[in-house]
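Colleague: Sharing a model that was predicted from the sequence below.
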Amino acid sequence: MLITKGYKYRIYPNRFQAEYMNSIFGSCRFVYNYFLSLRSSLWKEKKESISPAAESRMLTLLKRSPGHTWLSECDSMALQESLKDLDKAYKNFFEKRGKYPRFKSKREHKQSYRTKNVNNCIRLEGKYILLPKIGRVKIRLSRTFDGRILNATVTKTASGKYYVSLCIEEALIPKLNAGGVIAIDVGIKEFYTDSDGNRQENPEVLREYEKKLAREQRRLSRKVKGSKNYEKQRIKVARIHEKISDVRTDFLHKESTKLVSENQVIGIETLNVKGMIRNHHLAKSISDVSWNRFFEMLKYKSMEYGCEIVRVPKNFASSQICSFCGYKNIEVKDLSVRSWVCPVCGISHDRDVNAAVNILNKTITLISTV
């Protein structure tokens, strides 16, 4: 069975390569904005749309026009991929998965472009990676892979670091799991509590760095915008943001890998995170804990380890039901109630452990029904 996986590496372009990458970022951004403006104005004036094939032909003519010959110096596949991104943005908008496409700015925190591997033009050569129009770029090959490179995405972060993400088609090599059956109840104080009563503390990465971040942001606000000191301070702030993101991602990867490697079945909740963030008292904590990203990691890693992820329904009141007798206690809906005694059977419950056990019971019921 063939699957596609992503591998991300740090690259170290020299000064000339970095300048050329920056020009490709700008060319792709121009093409995206040009055709977005064209499609928007055409719809407003004539109620007509443009097909992707027509856009591709128009791009070829645009590159030959007198004022845009500089586009011919760019990687042609990167420009075509930029058109695909625009078409995908429109598709997401029409299918209610996103807002109307917006114009890209060179002041955005992250710049990137994607290019396809045609005739093996993207390949690894020892400590270097060969990229179209760029040449051999030094790469930190932190892990190897066995498969075919489909495309590469070159990214420049807000702090000026460069990365390449390779989309690889390779054979799925199944890994064994320990065969456990477990359910988890995610939270804010504890990242999750499992049905065996084990707890994983929430690292609260943002709160750990927010004082330092606020201090550096205050210093940035006092700099003259556009000056060299402003740029130096902006990079300091960007590096703190990247540190927060990297620490959080590392934690999520370790915990998700641990769960899928130890269990055959994992029961999880179906959460409306977007709606929960509207609670301004908990919005920062919910955003910091990254539940959706954690669940996505569990989902794609479960394929590799051969385990099953079962989502219980969104309306399942896991915290309010007594896991011993099934009595539903509406008073426990208050989040401040961390433990309670069932008025029917008299069993004392810890809120999170009881919820995890209920999710496990529901998971077993769903599996047996299927």
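Modeller: It's in. Predicted, not measured: the structure shown is a model, and the values here were computed from it.

Colleague: is it true that Asn117 touches Gly147?
Modeller: No - using CB atoms under 8 Å, Asn117 makes no contact with Gly147, being 11.4 Å away. Quick note: C-beta positions are derived from backbone N, CA and C, even for glycine.

Colleague: Show me whatever sits in contact with both of these two.
Modeller: Listed as contacting both Asn117 and Gly147 by CB atoms under 8 Å, 6 or more residues apart in numbering is no residue at all.

Colleague: Identify the residues contacting Asn279.
Modeller: Applying CB under 8 Å, 6+ apart, the residues near Asn279 are Ile286.

Colleague: go on, Lys138?
Modeller: 11-13, 127-128.

Colleague: Quick check: bridge partners of it?
Modeller: Tyr12, Tyr128 (DSSP bridges).

Colleague: thinking again about what came up before, take the contacts of Lys138 and lay them out in TSV including pLDDT, distance to Ser290 and neighbour count.
Modeller: What follows is the contacts of Lys138, written out as TSV (pLDDT from 0 to 100; distance: CB to CB, whole Å; neighbours: other CB atoms under 10 Å):
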residue	pLDDT	distance to Ser290	neighbour count
Ile11	97	26	21
Tyr12	98	29	14
Pro13	97	30	21
Lys127	94	33	11
Tyr128	96	34	16
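
Colleague: Need the max-distance pair from those residues.
Modeller: Farthest-apart pair in the contacts of Lys138 is Pro13 and Lys127; separation 13.5 Å (CB to CB).

Colleague: pLDDT score assigned to Val337?
Modeller: Here, the pLDDT recorded for Val337 equals 81.

Colleague: pretty sure it contacts Glu331?
Modeller: Yes - using CB under 8 Å, Val337 is in contact with Glu331, at 7.0 Å.

Colleague: For those two, indicate the residue with more neighbours.
Modeller: Val337 (13 against 9; other CB atoms under 10 Å).

Colleague: Next, the residue lying closest to the more buried one once chain neighbours are set aside: phi, psi?
Modeller: Computed as CB to CB, 6 or more residues apart in numbering, the closest residue to Val337 that is not its neighbour in sequence is Arg351, at 6.5 Å. In terms of degrees, to the nearest 10, the main-chain angles of Arg351 are phi -50, psi -50.

Colleague: To what extent is Arg351 buried, counted in neighbours?
Modeller: Neighbours around Arg351, by other CB under 10 Å: 20.

Colleague: The one 10 residues further on now?
Modeller: For Asn361, the number of neighbouring residues by other CB under 10 Å comes to 18.

Colleague: For the residue nearest to Val337, list the residues it contacts.
Modeller: 319, 332, 337-340 are the contacts of Arg351 under CB under 8 Å, 6+ apart.

Colleague: Can you tell me which of the residues you listed are classed as buried?
Modeller: 319, 332, 340 (16 or more other CB atoms under 10 Å).

Colleague: Out of those residues, which comes closest to Ile188?
Modeller: Ser319 (13.4 Å).

Colleague: so that closest one is in which element?
Modeller: When elements are defined using DSSP states H and E, Ser319 is found to belong to no helix and no strand.

Colleague: Enumerate every residue touching Thr144.
Modeller: Applying CB under 8 Å, 6+ apart, no residues qualify as near Thr144.

Colleague: any idea how far it lies from Tyr162?
Modeller: Thr144 sits 20 Å away from Tyr162, going by CB to CB, to the nearest Å.

Colleague: and the most centrally placed residue in the chain, which of the three is it?
Modeller: Geometric centre of the chain, nearest residue: Arg293, 6.4 Å, by CA atoms, centre = their mean. Of the three states, Arg293 takes helix under DSSP: H, G, I helix; E, B strand; the rest coil.

Colleague: number of nearby residues for the residue nearest to it when sequence neighbours are not counted?
Modeller: Nearest non-adjacent residue to Arg293, counting by CB to CB, 6+ apart: Leu252, 6.1 Å away. A count of nearby residues for Leu252, using other CB under 10 Å, gives 21.

Colleague: Could you pull up the contacting residues of Leu252?
Modeller: Going by CB under 8 Å, 6+ apart, the list of residues near Leu252 reads 290, 293-294, 297.

Colleague: Which of these ranks first by neighbour count?
Modeller: Phe294 (22 neighbours).

Colleague: tell me the contacts of it?
Modeller: 186, 252, 255-256.

Colleague: for the stretch 101-250 of the chain, what spans make up the strands?
Modeller: Counting by DSSP state E, counting those that start in this stretch, one finds strands in the stretch 101-250 of the chain at the ranges 111-116, 123-125, 128-131, 135-140, 148-156, 162-171, 180-186, 190-194, 199-201.

Colleague: which residues sit against the last one?
Modeller: Read it as strand 199-201. 190-193, 255, 352.
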